[in-house]
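[1] coords below, sequence missing:
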């Protein structure tokens, strides 16, 4: 942790909760629409471009690296879920400067502090890097 550097965190103003909003009236219609959108995105690249709002400046780039060093980053949001107060862990692993694994998941138990949430996130990233 002595060599760790702070970074920019993505901030979202969208907060989801089971207790706000209105439920979907027709769940099967919703599933059908989502499935159709997934099918279109997979089979029609020109529509996928518009659906994902991609630009030429965004994407995952792979470059040749003179040295294959393994670097891992992790972060956690402490008690971010309004319904059950569970934290969310996220990680990104780079090999030679190229992303090879990334993900996030809700932590299994409620953390008592932000430090505990961060340690759980670090353990998740370490497990992914070693496995």
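    Arrived safely. Remember, it's a predicted structure, so these values are computed and weren't measured experimentally.

[2] alpha carbons only for contacts and neighbour counts from here, please
    Noted.

[3] Three-state assignment for the closest residue in space to residue 75 that isn't next to it in sequence, please.
    If the residues on either side of it in the chain are set aside, residue 75 comes closest to residue 90, at 5.3 Å by CA to CA, 6 or more residues apart in numbering. The three-state label given to residue 90 by DSSP: H, G, I helix; E, B strand; the rest coil is strand.

[4] Run through the residues that contact residue 90.
    Applying CA atoms under 8 Å, 6 or more residues apart in numbering, one finds that residue 90 lies in contact with 74, 75, 76, 102, 103, 104, 105, 121, 125.

[5] which of those count as buried?
    Those of the contacts of residue 90 that meet the buried threshold are 74, 75, 76, 102, 104, 121, 125, by 16 or more other CA atoms under 10 Å.

[6] and the least confident of the residues you listed?
    Lowest pLDDT among the buried ones among the contacts of residue 90: residue 104, with 85.

[7] how close does that residue sit to residue 39?
    Distance, residue 104 to residue 39, by CA to CA, to the nearest Å: 24 Å.

[8] Alright, calling it a day.
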